[in-house]
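S.K.: need a 3D model of the sequence below.
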Amino acid sequence: MGQFPNKKVIQCSHTAELAVGFGRKVRNLVDTEVYHNVFPNLVLQADSKAAGRWNTSKQGDYFAIGVGGAVTGKGADLLVIDDPHALEVNTLIPTMNGFVRIEDLKVGDYVFDPDGEPVKITHKSPVYKDRELYEVKTFDGEIILADAKHLWNVRTSTRINDPYNNLKTEDLVKPRSSPFMIPRHSAVQYDVAELPVDPWVLGAWLGDGTSSQGRMTAHPDDAVFMRNEFMRRGYETTDLVDKFSFGVSKLREDLIHADLLNNKHIPEVYLTASFHQRMDLLCGLMDTDGNVTEKGQCAFHNKDEALVGQVVELLHSLGRKCQKRSYVTHGNFGSCIMHRVTFKLKDCALMPRKRMRTKTTHDKQHRSITVKKTERTGDVQCITVEGPDGLFLAGRGYVVTHNSEQEAAMAETNPDIYDKTYEWYTSGPRQRLQPGGAIVIVATRWSKRDLVGQVLKAAAQRSGEEWEVIEFPAILPSGNPLWPQFWPMKELEALRAELPNSKWMAQYQQQPTSETSAIVKREWWKVWPTNRPPKCEFVLQSWDTAFEKTQRADYSAATTWGVFYHEDRDGDGSTQANIILLNAFRERMEFPRLKQKAIEHYREWEPDSVIIEKKASGAPLIYELRAMGIPVQEFTPSRGNDKISRLNAVSDVFASGRIWVPNTHWAEEVVNEVAEFPSGEHDDYVDSTSMAIARFRKGGYIGTNLDEPEEEKYFGGRSKKYY
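M.R.: This is a model prediction of the structure:
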């Protein structure tokens, strides 16, 4: 812009906020005296200096936009697209080993899901620098800092039965008549802990104990219960002159050992102890400084605000919604500020007069949240967990949040996520490039189908744009580290050992691969040693058909398979059923040609059975072939039975080493596509293959040692065709 102040620049970042932040930095730099000394021809237009959209006095302009945003009416001589998300790196995450900063978590570690059960971390993003931070605050005061694209599972109304949806942080800022609600969570299931003081005893002492000694205060009506409970837990009690007090033998020594004397607080080990230990602690607190109303409303009161704050955390760990308030009391010795936390929980006290009033509660335990911008930036990071709903607990308040390594994690099971970005690029920014203009894409590589991968592939196929690719692998082809002063080889090797190979190759080596997350590994296939197939007992043909017009780029694919008996790998002379791929075919075609090809392949291979997925053009094809007397079985996937689930269901058959292919080019195409799924470009052969293997397994011809024994075989037949 300094050399060409009349040029137009469009700068795209993953979020609009980040793009505007860059625009502000560029504008401020351009407006400095140092910059003017170097480029005197560039002057900002006085009436157009917004951070994300400003002009020069020479009719040049700078326009900032988030990925997915509209660029209608804007032109670009230079288009810059910045890398594509996450929780602030210091966010504490509850784990089986206590609270850990999200930055210090590793893939394979366990956090907690909303049911309070451990759930494994499967992916972890890099640290994203200088992201604009949002404050997500629950109604009971817990605060989580997140960036604009972090996902939250929220209900948009206060009606209990309404569904939850995943929304980005930036979508939760807008004012609403009713707050967003996040799901409730159950009690967190920590392991049993070794505690220096019995948890009920500690709770009781924190409530009504003397800070400097093992002495308790209690009303005479409650003293009998309290003393009996201390004795039941191994502590002898003693009479004192004061009828409202009693002594507890050996308690002082235990408090000194736990560093609690004259230091009242709940030690961390108690807050991450087992459910029953934490309930015992709460009962001790409630039996002393707690009360329960006739309607079951529970409250803990204390003038120590920090202690009340720890009780709030304790309640959250038990899956309770609670509310903290402060109030002023007036007594004989003057006024003081008291703090109270209210909640509902069955059996949260042991003292009979309190315990009998506690009630079981279920609904309305959901927490509302408010979201606002902080006007600050920070480093963020995100994790992906194994749970089907993608939810985990964050913060000391156990806030239910969502996976947020959006493109990277979601695309492993839904590669189409990358297509949305490419569609935005081709329909928007790419069309705004002026003649002679240039594009710069700065990106961490995630997949062969990310924006960089699709742009380069399109350029190669269409002999269009010329791109210069500059890669910075962490470890150079020479074997030396790229930046040894910052990333020495020892640390890179440790990082490579810790990360999944797909993450290492893509993010650190700039070499994304489709096979690293493969469901069926390439090496599981067996190659038949000759060009003549074995004698098959049963032949099956499997068709996956495409839509006729709405998805003209899709293939219709057919695979033909045979079952044969082969010597067991144990070498004891016994044989077992194996499956071999006899033929594979795919083509883009309208229905008349599809029908013609289906008939030709049936006549060529004379299969004992044909299965066709009842979707798209498969439904009329089933009808037409049945009318001709061809034995067609329809396959109708049930809800939730998606492509990934289907291949997962038969992956163990491949792993058993009983699936064979000939040494041909078309067979290699099938193997390649299955090995690259779900990150590959096509999945037509994948669908046809998974349907066929599932049908063989269902029929009882093929299985693994993990299957239940089948009493009956449904298939029988023969085949005489060769390759």
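
S.K.: check the offset of the helix or strand hosting Phe392 from the chain's centre.
M.R.: Taking DSSP states H and E as the criterion, the element that holds Phe392 is strand 391-394. Counting by C-alpha atoms, centre = their mean, to the nearest Å, strand 391-394 is centred 10 Å from the centre of its parent chain.

S.K.: then stretch 375-389?
M.R.: On C-alpha atoms, centre = their mean, the centre of stretch 375-389 falls 8 Å from that of its chain.

S.K.: how long is it from one end to the other?
M.R.: Using C-alpha to C-alpha, to the nearest Å, the span of stretch 375-389 from its first residue to its last is 31 Å.

S.K.: what lines up beside the strand holding Phe392 in the sheet?
M.R.: The partner list of strand 391-394 in its sheet, established with DSSP bridges, is strand 399-402 (antiparallel).

S.K.: which residues touch Ala19?
M.R.: Shown in contact with Ala19 (C-beta atoms under 8 Å, 6 or more residues apart in numbering): 11-13, 52, 64-66, 82. Every residue, glycine included, has its C-beta placed from N, CA and C.

S.K.: distance of it from Gly66?
M.R.: Relative to Gly66, Ala19 is positioned 5 Å away (criterion: C-beta to C-beta, to the nearest Å).

S.K.: which residues are in contact with both of the two?
M.R.: Residues within reach of Ala19 and of Gly66 at once, by C-beta under 8 Å, 6+ apart, are 12-13.

S.K.: contacts for the host helix or strand of His601, please.
M.R.: Per DSSP H and E, His601 falls inside helix 591-605. Contact with helix 591-605 is made by 539, 541, 543, 545, 548, 556, 558, 560, 582-583, 585, 587, 589, 610, 617, 620-621, 624-625, 628, 630, 719, 721, as judged by C-beta under 8 Å, 6+ apart.

S.K.: right, and the helix or strand after that helix?
M.R.: Helices and strands here follow DSSP H and E; after helix 591-605, the next one along the chain is strand 609-613.

S.K.: could I get the next helix or strand after that next one in PDB with only the CA atoms?
M.R.: Secondary structure here is assigned by DSSP H and E; on that basis, the next helix or strand after strand 609-613 toward the C-terminus is helix 618-627. Once non-C-alpha atoms are left out, helix 618-627 reads as follows in PDB (Å, rounded to 0.1, in the frame of the first residue of the first chain):
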ATOM      1  CA  GLY A 618     -31.200 -46.800  -6.200                       C
ATOM      2  CA  ALA A 619     -35.000 -46.900  -5.400                       C
ATOM      3  CA  PRO A 620     -36.200 -47.100  -9.100                       C
ATOM      4  CA  LEU A 621     -33.300 -49.300 -10.000                       C
ATOM      5  CA  ILE A 622     -34.400 -51.900  -7.400                       C
ATOM      6  CA  TYR A 623     -37.900 -51.800  -8.900                       C
ATOM      7  CA  GLU A 624     -36.700 -52.200 -12.500                       C
ATOM      8  CA  LEU A 625     -34.300 -55.100 -11.800                       C
ATOM      9  CA  ARG A 626     -36.800 -57.000  -9.700                       C
ATOM     10  CA  ALA A 627     -39.300 -56.700 -12.600                       C
END
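
S.K.: same question for helix 618-627: list its buried residues.
M.R.: Applying a neighbour-count criterion of 16 or more other C-beta atoms under 10 Å, the buried positions in helix 618-627 are 618, 621-622, 624-625.

S.K.: next, the angle from it to strand 609-613.
M.R.: With axes from the mean of the first three to the mean of the last three C-alpha atoms, to 10 degrees applied, the angle from helix 618-627 to strand 609-613 works out at 160 degrees.

S.K.: pLDDT of the next helix or strand after helix 618-627, averaged?
M.R.: Following helix 618-627 in sequence order, the next helix or strand is strand 632-635 (DSSP H and E). Per-residue pLDDT values across strand 632-635 average out to 87.

S.K.: flag every buried residue along strand 632-635.
M.R.: Along strand 632-635, these residues count as buried under the neighbour rule (16+ other C-beta under 10 Å): 632, 634-635.

S.K.: what pairs with it, and is each one parallel or antiparallel?
M.R.: strand 609-613 (parallel).

S.K.: which residues touch the strand it pairs with?
M.R.: Outside of strand 609-613, the residues that reach it under the criterion C-beta under 8 Å, 6+ apart are 538, 540-545, 598, 602, 618, 621-622, 625, 630-637, 687, 691-692, 695, 715.

S.K.: quick one: mean pLDDT for it?
M.R.: For strand 609-613, the mean per-residue pLDDT is 92.

S.K.: also stretch 77-90?
M.R.: Here the average pLDDT along stretch 77-90 is 72.

S.K.: now do stretch 401-408
M.R.: 59.

S.K.: hmm, Ala577 is touching Trp561, no?
M.R.: No - with contact taken as C-beta atoms under 8 Å, Ala577 and Trp561 are classed as non-touching, separated by 11.8 Å.

S.K.: got the domain ranges for the chain?
M.R.: Taking automatic domain parsing as the reference, the chain has its domains at 8-84+415-462, 87-184+368-404, 199-355, 522-699.

S.K.: now these in CSV, with distance to Tyr508?
M.R.: Listed next are the domains of the chain as CSV, based on distance: least, C-beta to C-beta, whole Å:
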stretch, distance to Tyr508
domain 8-84+415-462, 9
domain 87-184+368-404, 9
domain 199-355, 34
domain 522-699, 18
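
S.K.: closest to Glu493 out of these?
M.R.: Nearest to Glu493 among these is domain 87-184+368-404 (15.8 Å), distances taken as C-beta to C-beta.

S.K.: chain center to the closest one, what's the gap?
M.R.: 11 Å.

S.K.: same thing with stretch 440-449?
M.R.: The chain centroid and the centroid of stretch 440-449 are separated by 20 Å under C-alpha atoms, centre = their mean.

S.K.: please apply the same query to stretch 195-209.
M.R.: The chain centroid and the centroid of stretch 195-209 are separated by 39 Å, computed with C-alpha atoms, centre = their mean.

S.K.: and it, what's its mean pLDDT?
M.R.: The average pLDDT within stretch 195-209 is 95.

S.K.: stretch 674-686 now?
M.R.: pLDDT averaged over stretch 674-686 equals 80, rounded to a whole number.

S.K.: end-to-end on that stretch?
M.R.: As for stretch 674-686, its first-to-last residue distance stands at 5 Å under the measure C-alpha to C-alpha.

S.K.: residues of it that come out buried?
M.R.: For stretch 674-686, by 16+ other C-beta under 10 Å, it's 674-680, 682-686.

S.K.: distance to Asp109 and secondary structure for these - can I get that in CSV?
M.R.: Formatted as CSV, the buried residues of stretch 674-686 follow (distance: C-beta to C-beta, whole Å; DSSP: H, G, I helix; E, B strand; the rest coil):
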residue, distance to Asp109, secondary structure
Val674, 31, helix
Ala675, 29, helix
Glu676, 29, helix
Phe677, 28, coil
Pro678, 25, coil
Ser679, 24, coil
Gly680, 30, coil
His682, 35, coil
Asp683, 32, coil
Asp684, 38, helix
Tyr685, 37, helix
Val686, 32, helix
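
S.K.: biggest strand in this structure by residues?
M.R.: For the chain, the strand reaching the highest residue count under DSSP state E is reported as strand 367-381.

S.K.: name the strands paired with that strand and say parallel or antiparallel.
M.R.: strand 87-88 (antiparallel), strand 128-138 (antiparallel), strand 180-182 (antiparallel).

S.K.: of those strands, flag the one that's most buried.
M.R.: Stretch with highest mean neighbour count among those: strand 87-88 (a mean of 24; mean count of other C-beta atoms under 10 Å).

S.K.: rewinding a little: so among the buried residues of helix 618-627, where is pLDDT lowest?
M.R.: Checking pLDDT across the buried residues of helix 618-627, the minimum falls on Gly618 at 83.

S.K.: all set now, cheers.
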